[in-house]
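> Sequence first, then the predicted structure:
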Amino acid sequence: MRFLRHAALLLCLSAAGLSHAACESGLAERMHAKLHPNRPLDERLAACKIWPAFPGRSIVVLPMPRETTDRGAKVFDLEILLIQRPDNGNTERDTVIGRLMQPEALDEDATTSIQDIRIDTSRYVLSSEARAFGVRVRYRGTSAPGSPLASETVRLYVHHGKQFRQVLQEVELDHDNGGWDATCTGHFEKLRTMLSVGKATSNGLADLQLSRTLVQSRAQQEEDQGCVEKTLPARFSTVVLRYDGERYKVPKQLRQQTP
């Protein structure tokens with residue numbers, strides 16, 4: 001059935017994406033050893049990326065698991081770092097110019113796992129003095145019938161002067177959800193969102209625009225035709241997020257809805 005092919009494709013894409021998050025230069029490991037020598041680091045999820053907008057600057061995400069009493073559950077503190085690196089490549093002179101610790105920022109349980117963490121350096125110019133970067137998290141859910149399959153979220157951060165802060169809370173951009181029985185009846189839903197910077201401003205920062213496309217499919221047994229799948233017309237919507245002076249206000253239905 002097509003639903004099963006959707007699930008298989010998602011899992012293949014998930015596995016392929018893992019290699020892009022790794023810090024091949026060892027920058028994350030060096031920063032972790034320097035700043036948190038007594039805490040474990042999940043090296044599989046650690047992320048590093050050069051920020052092209054600022055010469056010599058790199059972004060590092062350190063996911064550090066903490067103990068939990070729930071079986072099958074895992075909670076992560078995130079430390080987001082901005083590193084200024086010297087032109088001569090001397091790693092001993094890497095300088096932390098911004099850091100933000102976010103306790104219990106991520107979690108996973110028996111039905112949901114974090115696939116990878118990626119740094120998004122798209123052109124998020126929020127003002128003449130504020131440029132943001134994103135941290136994207138891909139989640140993978142169980143592929144059991146009736147369960148969500150995958151989700152991707154984003155958060156935005158700004159470094160301005162001596163301030164380094166999160167301006168957009170975790171918002172779900174994409175998801176793939178499906179549910180079906182052992183014979184035919186079921187459904188599949190695919191959401192894709194484009195995040196862009198608008199022209200209007202609110203309280204000093206540009207509005208954010210979420211352009212969303214939702215595609216739904218249905219399958220059911222029909223007399224004399226067997227199992228028939230129908231794709232419904234795509235639904236398009238646009239949501240504008242405005243800055244309230246501290247952060248972007250996010251409608252409840254757009255907040256993190258991981259598998």
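Done, it's in. Remember, it's a predicted structure, so these values are computed and weren't measured experimentally. Numbers count the residues shown, from 1 in each chain.
> Do a quick rundown of the helices in the stretch 1-150 of the chain.
If you assign secondary structure with DSSP state H, counting those that start in this stretch, the helices in the stretch 1-150 of the chain sit at 2-17, 27-35.
> Out of the ones you listed, which gets the lowest mean score?
When the helices of the stretch 1-150 of the chain are compared on mean pLDDT, helix 2-17 scores lowest, with a mean of 42.
> who touches residue 191 in this structure?
172-176, 212-214 (CB atoms under 8 Å, 6 or more residues apart in numbering). From N, CA and C alone the C-beta is placed, and that goes for glycine too.
> again, only this time at 6 Å
Applying CB atoms under 6 Å, 6 or more residues apart in numbering, one finds that residue 191 lies in contact with 174-175, 214.
> same question, residue 39
Residues near residue 39 by CB under 6 Å, 6+ apart: residue 64.
> Phi first, then psi, for it.
For residue 39, the backbone dihedrals (degrees, to the nearest 10) come out as phi -120, psi 150.
> so where is the chain shaky, pLDDT-wise?
1-22, 24, 72, 89, 142-148, 255-259 (pLDDT under 70).
> the strands in it, which residues?
For the chain, the strands defined by DSSP state E cover 47-50, 57-66, 74-84, 95-108, 112-125, 131-141, 148-160, 163-180, 186-202, 205-222, 226-231, 235-241.
> In the sheet, which strands lie alongside the fourth one, parallel or antiparallel?
Sheet pairing here is set by DSSP bridges, and for strand 95-108 it gives strand 74-84 (antiparallel).
> Distance-wise, check the closest residue to residue 152 other than its chain neighbours relative to residue 251.
Residue nearest to residue 152 in three dimensions, not counting chain neighbours: residue 174, with 4.4 Å by CB to CB, 6 or more residues apart in numbering. Distance from residue 174 to residue 251, counting by CB to CB, to the nearest Å: 17 Å.
> Show me which of the two is the more surrounded one.
Each of residue 174 and residue 251 has its neighbours counted (other CB atoms under 10 Å); residue 174 has more, 17 against 10.
> Would you agree the more buried one is in contact with residue 153?
No. Checked against CB atoms under 6 Å, the pair residue 174 and residue 153 is beyond contact range at 8.6 Å.
> okay, now residue 164: neighbour count?
If you count neighbours by other CB under 10 Å, residue 164 ends up with 16.
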